[in-house]
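> Could you look at this predicted model? Sequence included:
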Amino acid sequence: MEFGFAEQIGFRALSLLTFLPSLGALIMVLFMRGRPSAYKAAALVASLATFALSVFMLTAFDTSTAAFQFQENFVWIENFGINYRMGVDGISMLMVLLTTFLSVIAIIGSWNYVKDRELAFFASLLVLETGMIGVFTSMDLFLFYVFWEVQLIPMYFIIGIWGGARRIYAATKFFLYTFAGSVLMLVAMLAVVWWYGKESGALTFDILTLQNAGFPSDLQFWGFLAFFVAFAIKVPMFPVHTWLPDAHVEAPTAGSVILAGVLLKMGVYGMIRFCIGFFPEATVNAVPYVMVLSVIAIVYGAAVSLVQPDMKKLVAYSSVSHMGFVTAGLFTFNLQGIEGSVLQMVNHGILTGALFQMVGFFYERTHTREIKDYGGMARPLPIAAAFFSLFVLGSLGLPGLNGFVGEFLILIGLFQYMKVFAVVASLGIILGAAYLLWMYERTMFGELTNQKWLSLKDLNAREILTLAPLAAMSVVIGVWPGPFLEMLHAPSLEIIAKVEPFMAQKQSLVQMASAFLGGF
Amino acid sequence: MTPQDLIPIIPELILVLAGLLVLVVEPFLKADKTANVAIALTALLISGAAAVGLSGREQAAFTDMIVLNDYAVFFKVLFAAAGALTVLMSPRYLEASGRHMGEYYALILFAVVGMDLMAASRDLIAFYVGLELMAVSSYLLAGFLRYQVRSNEAAMKYFLTGAFASAITLYGISLVYGMAGTTNYEQVGATLLAGGDGLGVALATALVLVGMGFKVSMAPFHMWTPDVYQGAPTPVAAFFSVGPKAAGFAAMLMVFLTVFEVSRSTWSVLFIVLAVLTMFVGNAFALTQKNIKRMLAYSSIAHVGYLLAGLGALGRAGTDYFAGEAVLFYLAAYTFMNLGAFGILAYLKTQQPATFSYSLAEFAGLGRRSPWAAVLMGLFMFSLTGMPGTAGFVGKFYLFSSVVKADLAWLAVIAVLFSAVSAYYYLRVIVYMFFREPEVEYATKEPISGPLAASLALSAAAVVVIGLLPSWVLDAAQASFGNFFG
Amino acid sequence: MAIPIEWYLVLSAFLFVIGAAGVLMRRNLFIVLFSIELMMNAVNINLVGFSRLHENLIGQNFVLFTMTVAAAEAAIGLAIVTALYRNRRTLMVDMFDVMKG
Amino acid sequence: MNYVLPLIPALPLVAFVVTLFLGKWWLKDSAHWIPIVAMAASFVLSVAAFLAIRGEEHAIVVELWRWIPVGDFQVPIAFQLDQLSAVMLLVVTGVGTLIFIYSKGYMHHDPGYYRFFAYLSLFAFSMLMLVLGSNYLLLYLGWELVGLCSYYLIGFYYHKPSAASAGKKAFLTNRVGDFGFGIGVMLIFVTFGTLDYIEVFEKVEHHVASEGVLLAIGLLLFLGAMGKSAQFPLHVWLPDAMEGPTPVSALIHAATMVTAGVYMVARSSVIFASAPTAMLVVGAVGAFTAIFAASIGLAQNDIKRVMAYSTVSQLGYMFMALGIGAWVAAIFHLVTHAFFKALLFLGSGSVIHSLSGEQDMRKMGGLAKKIPFTYWTLMAGALALSGIVPFAGFWSKDEILGMNFKGGGYVIWAVGLIAAFITAFYTFRLIFMTFWGESRMDPEVEKHVHESPWSMVVPLMVLGVLSVFGGFLGFPPENGVFHKFLEPVFHQANEILHVEHHYFGMLDFVLMVVSVVVALSGVFFAYLFYVKRPDELPQKAGAVSQPLYKAILNKWYIDEFYNATIIRLTVDGSRWLWRVVDAGVIDGAVNGVGRLWDIAGRVVSPFQTGRVQNYAVVMFIGLFVIVTAVIVF
């Protein structure tokens, strides 16, 4: 416990971090009803404070170790061996930072977005933030599950209340799909815990303990499957991705930003923590299948994006493609693949978050998201067009921006795993450039399709303030990803160490498959 | 009988006396029935407190017909709580229905006594008497709004099927007696065990299972449930959905663990099969309901399905009573969330006594009209779905955990998938409350009555507290099995 | 010589089935009520027969309780029938299907 | 050098940032100053760098910071100065500065003035990163960034749909090439464990990789080069790229960016030298492109498009050189081509400028008198392009042809010769149609014909001088100053290829004469067609070879072919994936599960009849089944 919160930072930073947003929400709901300027300011302050705290925690964060830091631990439900245990390693710290960062952006970005039940909207966003941070900081399986499910609720409301025309369908689909996946995970959790309980005589939901349990093969198989399905839905991987376009199209801008920016990452994060952490053997066996699904997702998502008539849907499908890179990179189990994968999660969070935010800004002006209704928007909205192009370029993997670093690391990792996959994934990049540029051309360039658009106002200061940090982060990570990668070295090595013993046995099979698929 | 024998039944004595007192006082009251409400409420609270006070004690009374142990205490407290919450939500509702009479409270009290007896009995005769006391009171409660056709019909249906089921149970019990020559649970169990599993035992197991399955609305003996819940006064339906059900499980656990120890393998398989059937029936029917009251009735059937899975696991687990504890805990959790949900229905009915028909469409825009009611309803719906942070989740967690522990992971998978299906119809309520706008204008609303508000607040508090800090109830549930065979 | 227990059992089984058949098939509410009584009495015969077999009084005690309960049930049944008849003016069981589905 | 080297790209970057952020509100019409000064400063620094590296055996490497450090994948941001990069630096900054100055006049009054200079600066930065980077990933970075600038600048008049779509086409076609490049980079990393030029080449020399792998790397890299340098079949974007403003065509699509592919192959000379098959492919593709593009150039009427096809063709020559291992010749041609092609473009720009934007040669004619400066400078460029002694193009082109002949590439030599003939023909077709003969201008346009401002003319004259005399850098052939200077860079590759030093001989002289004759005959035929009998011969020639002429006119239908196959398949296939697979099958299955439950609910619902006796019957059946089951099992 040398990485307890007391030694490192002196106060229960993680709990504070997790519950600070909700506390803000509570204060807003209790004391600020009917005063929009007050509760909006409060929401902003709460999210900013959370972000500041998370950045402050970085100063005490030790990047040289894979150990969990800022740990807190006390007994919660003794009968089941359930503890309230929190901690972060490099991967989760990065995810937490992403969450707190994007939450601030989402709040600023939707300052004037909703007109109806505004207080509830901002409160929901803050509660959502608590849920997301909780997912990344939990070190107890039960606690994790609680946060995992709880964050569904605010998101459900955000889509359902403040969404578009088909919001009910989308919200319900989002909820049920995720819920169905996670209840399977619940059973797998129980099976794992009971196996370990019978083996060791003590019930525990402690993640670290269970990670070292060494489950038998058949339990690994089923456990992996159940956890994987739950997380794959969240990611979402092909072919369980269809909730995503619906949810994104209907969600309000802030919802889309958070959904794409953070919620999808929870799936991959879960895979890292649980699929790999608990079931390394089954993971190794599953690698070829995961790879095939990921690569399909990359190409498929990109192809489907190409023909979307709706900007938001296009970006949504592009997420499927990009998250395909993330899962593919993760399961290469080499340093480049894993670090690229985690970094790409951050990148995708920033870029896709930004793209959704931009689509939102356009929508607020034109009240349409159909690409064909746009055209020539660069003339009335030059600043917006500039930002938009930056994010588009980052998204299509332009070197010098953040998307490239993650994507290329993943490809390098993938290439080392099996060349064919890297080649096919690279095809996805071509398609990626195609759909993004095509969209950009059709919306920003060309003749003005509608003379009304000439009178549109360009981005105002608040909107620029929303986008500028995202743009800045995009450039910073693009040219100097070192500090971010540094946080990932130790945890990534840990992941590799976990699967390595099983990899050795599997090597021959990979080679066989490689030969079969005609690798070089 | 010695005076000592009265100690275990102190809670019931209080209730019986209070019930009689209510009946005596009633003629002296005019329109204002506050006194009777107070009497009933106080009695239930004292009874519950008395039960708590008796916890930790072990005593058999009335020639071993009734026992006092933590198991009985657990249920007595639970029933008292269910009764108290029901009483709290009733006055305004009954006034609105024009049938505010003291007898109502007496019947509730008597029903609780019957339920207490079912949980505390160690003898088939005592069990039968408890069962019938509860049942007879229930029939009357179901038909309490006697000028309403639906209420009449509910009572008739409940009565006919109930009596039919009682007769079947009774026939089974008579066979048990015939084989064992006694009606004491333990003695019967021992005798049957010595005699071995045979045709008679199998027949008796099946008959008793059917009769008790009826009480807890196990499919295919569940069909009365939606009609009765729909027709009965809403607080009564609330009471039915938790009280008799929990009592049925209380008795069922006892009877099957002791009397039918010999046919354990038979009934555990039966419970598993019927659990799946019940989950299917409950969820499939609930999906199509446009009437919330009926939907909640079917949803309660679905929850019985989950509980039966727990019983199946219990049958598989030998001397490990983990599943039993899980069932107890689930019943407790379920009691509060379901009472809460029905409480909201009662509240809405009191808002529009003439027109409110419990249809889904009437929930449209509730989030705007009565935000608090909508938020609480949302909480109860999420709890029924099994979202973490609520009692419903911990209950499911515990229950499915016991199922997994008994190596029935596949059953747990089926159960959780059904609960995912159930999310659809629970969410639909939320969809209507928050995501849709009302189709018609509603009259200005009246302030909520104090007792009803208290009932809702208490239920909500219980749901949240059990959801976040379940240890208290967990300890109680575990303690009840800790000295089950003490 | 004592009557063998099987005789009781067969008789009771017959009565029980007849009662059950009545419950399931007769349309008049009153007759359904009587049929339930018949089922209860079938059980009573069982209990008494077993009481004789085991040579203890438990069975007979039980019968006393059963009869009491049956009486109470009958009273309540009649009350319900009365209320129902007042509102609906019929006692045909299959006419009461306001609530279904 | 530690400070000089990073400054060279940094200055234009600063200029870019400043111009981008301050241009619109503050700099406005004086937005050109910062970029021009930055560019000129870079040029000065480049000269310093050039002087510093002269005669050095080893490259100078300056590392700034670790860009992507992950495990054994350590890629720094580092600059490598050797003779090759020094030459490229001079070309980029030198020609760049001239074109920046030229743009001041050309883009005057354009509403996107500041934007134009911002993009140009960004381009300069990117191109300098490309040539200065010390490893393949930085090359890739510069490669993509110049592609981006090209995208922006082609689509500079974004409100014109044709411009916007040309930009996109350029980017996407390049992406296809970059697909190969990217995989090549990965393969290099996986094979050698590093992306650093020096380390990679060392390992190649030590035979770390098999020839098969090297062949794969070579071909993959070349795929990238084909995209960037517009080689067949990825050449389609370059002609369309002429939608951009003319200075852009000169700088990016003639002088610098499109030669990045040549630079890359020359840079990887060690790898290609170790994979002869890859070299063969490079040479063959180059030769084919040279003649193929030249043929299209014959029938174009847009002055800039002629230039564009000419550029494609000339790039083909450079690859021809690389294919035979004539590294220096390739770079030499790169340099001279930069001079005369930039000149030709800028000259055309001047023509267009003076004709108020007219680009169709059929609507020109007789301009020689009206805009004499432009005419004469353009003429110098034309002579250089046609390969007339002693203009710059002659020396470099002739060296390429000669090296091929002597290296045994007779077919390629012959192809190159024919292409040279065509080149001379279309070049002078352009000159004659534009400047000679009768005026075919619109009267309205004719009234406003004027010579361009000094800022445009001065760069033209500088480039004109370079086009005339630049060729003497490589004199005598294969042994000029230029060759001596670049020798250390290609030392390794030449060693692998066992190239022996060669001195000028009789054979070379004969070959020279042959190519001069061929070029002159091209000029002659052009004279015949477009000055002597302009109303008769072109039509006749077109009529005689009707199908061929149509094919040439339609650019061999390559665009149509792509549209009908790849693009069509991708878009239609994607639409099918979306509508049928995604919405139909996958989402259909998901919703189907929901619907199944709905149906289940509807099916079971009628069983709840509301009749109590039915309930009892169900109970009884249930009882019966249970009892039976219990008894049977």
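Received it, and whenever you're ready, just let me know what you need.
> can you tell me which residues contact residue A:318?
With contacts defined as Cβ atoms under 8 Å, 6 or more residues apart in numbering or on different chains, residue A:318 is in contact with A:301-302, A:305, A:352, A:355, A:395, A:432, A:435-436. From N, CA and C alone the C-beta is placed, and that goes for glycine too.
> What's the local residue count around the closest residue to residue B:224 other than its chain neighbours?
Taking Cβ to Cβ, 6 or more residues apart in numbering or on different chains as the measure, residue B:224 lies nearest to residue B:161, with 4.4 Å between them; neighbours along the chain are not counted. The criterion is other Cβ atoms under 10 Å in any protein chain shown. On that basis, residue B:161 has 25 neighbouring residues.
> So residue A:29 versus residue D:63, what's the distance?
55 Å (Cβ to Cβ, to the nearest Å).
> between the two, who's got more neighbours?
When neighbours are counted by other Cβ under 10 Å, residue A:29 and residue D:63 differ, and residue A:29 comes out ahead with 16 against 13.
> That one against residue A:119, yeah?
Yes - because the distance of 6.7 Å satisfies Cβ atoms under 8 Å, residue A:29 is recorded as touching residue A:119.
> Format the contacts of residue A:318 as TSV; extra columns: neighbour count and pLDDT.
What follows is these, written out as TSV (neighbours: other Cβ atoms under 10 Å in any protein chain shown; pLDDT from 0 to 100):
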residue	neighbour count	pLDDT
A:301	31	92
A:302	28	92
A:305	27	91
A:352	27	93
A:355	29	93
A:395	29	92
A:432	27	88
A:435	26	90
A:436	27	90
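> for residue A:353, what are its contacts?
If a contact means Cβ under 8 Å, 6+ apart, then residue A:353 has A:102, A:105-106, A:257-258, A:260-261, A:470 as its contacts.
> That one sits in which helix or strand?
In this assignment (DSSP states H and E), residue A:353 forms part of helix A:335-366.
> Could you list the buried residues of that helix?
In terms of neighbour count (16 or more other Cβ atoms under 10 Å in any protein chain shown), helix A:335-366 has its buried residues at A:335-363, A:365-366.
> The helix or strand just after it packs against which elements?
The element immediately downstream of helix A:335-366 (helix or strand, assigned by DSSP H and E) is helix A:382-395. Using 3 or more Cβ pairs under 8 Å, 6 or more residues apart in numbering or on different chains; DSSP states H and E as the contact test, the elements touching helix A:382-395 are helix A:335-366, helix A:402-417, helix A:419-444, helix A:461-479.
> what separates helix A:382-395 from the chain centre, distance-wise?
Once both centres are worked out by Cα atoms, centre = their mean, to the nearest Å, helix A:382-395 turns out to sit 21 Å from its chain's centre.
> Pull out the buried residues from it.
Along helix A:382-395, these residues count as buried under the neighbour rule (16+ other Cβ under 10 Å): A:382, A:384-395.
> Over to stretch D:401-413?
Per 16+ other Cβ under 10 Å, stretch D:401-413 contains these buried residues: D:401-407, D:409, D:412-413.
> Which one of those is nearest to residue A:59?
Closest approach between the buried residues of stretch D:401-413 and residue A:59, by Cβ to Cβ: residue D:403, at 62.5 Å.
> Any buried residues in stretch A:434-449, and which?
Residues A:434-446, A:448 are the ones in stretch A:434-449 that count as buried (16+ other Cβ under 10 Å).
> actually stretch B:302-321, not the one I wrote
When burial is assessed from 16+ other Cβ under 10 Å, stretch B:302-321 yields the following buried residues: B:302-317, B:321.
> what residues are up against the closest residue to residue B:81 other than its chain neighbours?
For residue B:81, ignoring the flanking residues on the chain, the nearest one in space by Cβ to Cβ, 6+ apart is residue B:48 at 6.2 Å. Contact partners of residue B:48, counting by Cβ under 8 Å, 6+ apart, are B:11, B:76-77, B:80-81, B:84.
> Repeat that for residue A:360.
Residues in contact with residue A:360 (Cβ under 8 Å, 6+ apart) are A:109-110, A:113, A:252-254, A:256-257.
> As TSV, those residues with neighbour count would be great.
Supplementary listing: the contacts of residue A:360 in TSV, determined by neighbours: other Cβ atoms under 10 Å in any protein chain shown:
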residue	neighbour count
A:109	26
A:110	26
A:113	18
A:252	23
A:253	24
A:254	30
A:256	29
A:257	30
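> ok, and which of these reach chain B?
Residues shared between these and the neighbourhood of chain B: none [Cβ under 8 Å from any Cβ of the partner chain].
> hang on, the earlier thing: state the helix or strand in which the residue nearest to residue B:81 lies.
Following DSSP H and E, one finds residue B:48 within helix B:34-53.
> now residue B:194
With the criterion set as DSSP H and E, the secondary-structure element containing residue B:194 is helix B:185-195.
> So is that helix next to chain D?
No - between helix B:185-195 and chain D, judged by Cβ under 8 Å from any Cβ, nothing touches; the nearest distance is 14.7 Å.
> And that helix, what does it pack against?
Packing partners of helix B:185-195 (3+ Cβ pairs under 8 Å, 6+ apart): helix B:149-180, helix B:234-258.
> which helices and strands does the longest one pack with?
Put plainly, it is helix B:149-180. helix B:124-142, helix B:185-195, helix B:199-215, helix B:224-231, helix C:5-25, helix C:29-54, helix C:58-88, helix D:612-632.
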